[in-house]
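Q: Okay, predicted coordinates and the sequence, questions at the end:
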Amino acid sequence: MTSLQSISSPLIATFSLQDYDLDATLTSGQAFRWRRQDQGWTGVVGRRWVHLRAAVGVLTAEVAEPVPDWQWLRHYLQVDLDLPRVLRTFPDDEPMRRAVTACRGLRLLRQQPWECLASFILSSTKQIVQIQQIITLLCDRYGEPVAVPAGQQPARAFPSPARLGAAREAELRSCKMGFRARYLLETARRVAAGECDLASLGNLPVEGARSELLRLPGVGRKIADCVLLFAYGFQPAFPVDVWVMKALQQLYFPGRRVKLPRLHRFAAEHFAPNAGYAQQYLFHYMRTRPRPGRAALPKPPPQPGETADL
DNA sequence: GCCCAGGTGAAGC
DNA sequence: GCTTCACATGGG
């Protein structure tokens, strides 16, 4: 938590920290480019290849080229965040206690807005594995190469809005993204043209930033909230996807069907002031907990007059 | 074959 | 104002 930093080489830094579950964080569906390698994780942050390795109380980072300082990575990983302080603000109820017990150490990253926005435009009705596959293809085809240490696999940066905006829709479709190609292409063009200034959204109130994002094609409430949360850290953002929907329904409104606007109102008040963080705990908890019945349990016939859902 | 996946936009009531 | 449907693609 104090995260002192001792640099033993210009290419390696160690951060001392507590309550940081790197595996959970990098597999929790917020970032899609990290790969397990040598008991650690390899990825690209901005234009830098990075390898991360976690041990008890220490996180070690290695890069390919000397960096003047490590603030960019501290920021990305949010190593200076006091997580226990955030967890103490969670509502003291049974669902959150279970989620925190199961996922303690799960963190929110602070990603680059464009990569985050583009990634989540590609995420709709896709499983996390497939999102990773699409983004891998996209980076392989359009990303600029970045320096890697000797003996490592080549790596590329996430492609810029200008580069993707200049692509043909059919080319993008061949990256397996299907109908999302049109959305990605048009959004890339608008961002490249400066019609949406991602760099300034962080200075707006959350509602203003959200309505700017909602103007973009392929961006609805859920994807907007993902970007608000994962790229800008807006805590009132509370992305509701199918998993979080299930969590809220099962854990807070059992036996009743509650509509989305009401769930958003409930979430905003019930989970404040760190609703976004709470959402990530619920999401990861739902996805990783052992599921009863494993393979698609057959749905019991609905009771007359009741929506016996889930 | 089926149903589902970190949804959105448009058409139909 | 709802609710329903099409949209690509792959995993289980």
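A: Sure, I can see it. Numbering: from 1, shown residues only, chains lettered A, B, ... in the order given.
Q: How about A:Ala147, nearest residue that isn't a chain neighbour?
A: In space, and not counting its chain neighbours, A:Ala147 is closest to A:Ala64: 4.3 Å by C-beta to C-beta, 6 or more residues apart in numbering. In this view, the C-beta of every residue, glycine as well, is placed from N, C-alpha and C.
Q: ok, the one you found - contacts?
A: A:Leu11, A:Arg48, A:Trp49, A:Val146, A:Ala147, A:Val148, A:Pro149, A:Gln152 (C-beta atoms under 8 Å, 6 or more residues apart in numbering).
Q: Okay, it and DNA strand B: tell me how far apart.
A: Plainly put, A:Ala64 is 28 Å away from DNA strand B if you go by C-beta to the nearest atom of the strand, to the nearest Å.
Q: What pLDDT is listed against that residue?
A: Looking at A:Ala64, its pLDDT reads 98.
Q: Quickly note the distance from it to A:Val45.
A: Here A:Ala64 is placed at a distance of 12 Å from A:Val45 (C-beta to C-beta, to the nearest Å).
Q: what's the burial count for the residue of the stretch 1-150 of chain A found nearest DNA strand C?
A: Nearest to DNA strand C in the stretch 1-150 of chain A, going by C-beta to the nearest atom of the strand, is A:Thr125, at a distance of 4.4 Å. Neighbours of A:Thr125 under the rule other C-beta atoms under 10 Å: 10.
Q: Tell me which residue in the stretch 51-200 of chain A sits closest to DNA strand C.
A: Nearest residue of the stretch 51-200 of chain A to DNA strand C, counting by C-beta to the nearest atom of the strand: A:Gly178, 2.4 Å away.
Q: Ramachandran coordinates for that residue?
A: phi 60, psi -140 (degrees, to the nearest 10).
Q: And A:Pro66, by the same measure?
A: According to degrees, to the nearest 10, the main-chain angles of A:Pro66 amount to phi -60, psi 140.
Q: Is it correct that it is in contact with A:Ala13?
A: No. The pair A:Pro66 and A:Ala13 does not pass the contact test of C-beta atoms under 8 Å, sitting 11.1 Å apart.
Q: Show me which of these two is the more surrounded one.
A: With neighbours defined as other C-beta under 10 Å, A:Pro66 and A:Ala13 compare such that A:Ala13 has more, 20 against 8.
Q: Surely that one is in contact with A:Trp72?
A: No. Using C-beta under 8 Å, A:Ala13 is not in contact with A:Trp72, being 11.2 Å away.
Q: now the helices for the stretch 101-250 of chain A?
A: In the stretch 101-250 of chain A, the helices defined using DSSP state H, counting those that start in this stretch lie at A:113-121, A:128-142, A:161-165, A:169-172, A:180-192, A:198-201, A:206-214, A:221-230, A:242-252.
Q: just checking, what packs against the third one?
A: Here helix A:161-165 touches helix A:113-121, helix A:128-142, helix A:180-192, going by 3 or more C-beta pairs under 8 Å, 6 or more residues apart in numbering; DSSP states H and E.
Q: For that helix, the averaged confidence score.
A: In this model, helix A:161-165 has a mean pLDDT of 98.
Q: Could you list the residues in contact with that helix?
A: Contacts of helix A:161-165 (C-beta under 8 Å, 6+ apart): A:Trp114, A:Ala118, A:Leu138, A:Tyr142, A:Leu172, A:Leu184, A:Leu185, A:Ala188, A:Arg189, A:Val191, A:Ala192, A:Ala193.
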